[in-house]
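Participant: I need the structure of the sequence given here:
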Amino acid sequence: MTMRKILHGAAALALSAAAVLTGAAQAQAEGGTWDGCPYGAVCIYPQNVTPSSNPHPSHIFYSYGFHPIYNQYGNHWILNNQYDGALVELCKSVNTDCHESIPPQEGWYVDLTPINSLNLREHYL
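Facilitator: So this is what the prediction gives:
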């Protein structure tokens, strides 16, 4: 529940394209849905939508690997509700050029204009 309050407050302050929300509520660690994003999934929300106010993701990804995203422009929340350290990488080319990784149980407000795919992967030590 604390995470939802943090997410709501962060969304109000997230005017930049790279606002980051860190730390997660215990509910996610226990396997709960997070603002409409099922446990074990990565979710993208519509442009300029705050997940806590409108918990309806436009895209939901469950499987590891690359996932192309089409016609996604401007700022969107991406929530990583995966477990066991699984990451989601933001890739500027289809299946390559991945430089930023969203850790599990974090949500980032990202400009998706230069992003062409997401890579869901296990965390490697």
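Participant: so N81 touches W34, yeah?
Facilitator: Yes. With contact defined as Cβ atoms under 8 Å, N81 counts as touching W34 (4.8 Å). Any C-beta I mention is one placed from the backbone N, CA and C, and that applies to glycine too.
Participant: looking at these two, which has the bigger crowd around it?
Facilitator: Higher neighbour count among N81 and W34: N81, with 27 against 24, using other Cβ atoms under 10 Å.
Participant: tell me where the protein has strands.
Facilitator: Secondary structure of the chain (DSSP state E): strands located at 18-21, 42-44, 59-61, 65-68, 75-80, 87-93, 96-102, 106-111, 117-121.
Participant: closest to T50 out of these?
Facilitator: strand 75-80 (7.2 Å; Cβ to Cβ).
Participant: so what strands line up beside that closest one?
Facilitator: strand 42-44 (antiparallel), strand 106-111 (antiparallel) (DSSP bridges).
Participant: most tightly surrounded among these?
Facilitator: strand 42-44 (a mean of 25; mean count of other Cβ atoms under 10 Å).
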